[in-house]
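1. sequence plus predicted model, see below.
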Amino acid sequence: MGQIRDIMEKNVITIEKDKTAQDAAKIIAEKDISFLVVMNDGLPVGVLSESDFVRKIVTEDKKSSDVSISDIMSYKFRSVGPTTTIEDAIQKMLNNNIRRLLILEDDKLVGVITQTDLASYLRDQLLVDGTIKSISSD
């Protein structure tokens, strides 16, 4: 198949850990994305997803400008290196029931891969395979 570096999103939207949930919500809305990578001193320390807002702010009726990202972010995240095979990344996501993987090289964030990215890649591969089979059978 290939390596994660071939399909990862390199332009990762991040936010510093000391910002507020309102700051994060504005970025998520402005960029039309579903999560942010939370950084501290240039290193990823967690992720903040739309579901974190719902579960930790909305359901508790908190004011987003009063809530620190560090209070609602997920500190647990999974990562792989850029040379990880796409198959191994898919398996890791399935085994851990997760929607995204951070791509780290020497502990530095170099990209991200999501379920949507993988589904798009696999769809393209199926289309290419189908075209090749169609051409070969003609």
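-> Nice, I can see it. Computed from a prediction, not measured in an experiment: that's the story for all the values here. Numbering: from 1, shown residues only.

2. please, which helix or strand holds Leu118?
-> Using DSSP states H and E, Leu118 sits in helix 115-137.

3. same question for Ile98.
-> Using DSSP H and E, Ile98 sits in no helix or strand.

4. what sits against it?
-> Going by Cβ atoms under 8 Å, 6 or more residues apart in numbering, Ile98 touches 78, 92. Using the backbone N, CA and C atoms, a C-beta is placed for each residue, glycine as well.

5. the one 3 residues further on now?
-> The neighbourhood of Leu101, defined by Cβ under 8 Å, 6+ apart, consists of 4, 78-80, 89, 92-93, 112-113.

6. state the mean pLDDT of the helix or strand harbouring Leu36.
-> Assigned by DSSP H and E, Leu36 belongs to strand 35-40. Averaged across strand 35-40, pLDDT comes to 97.
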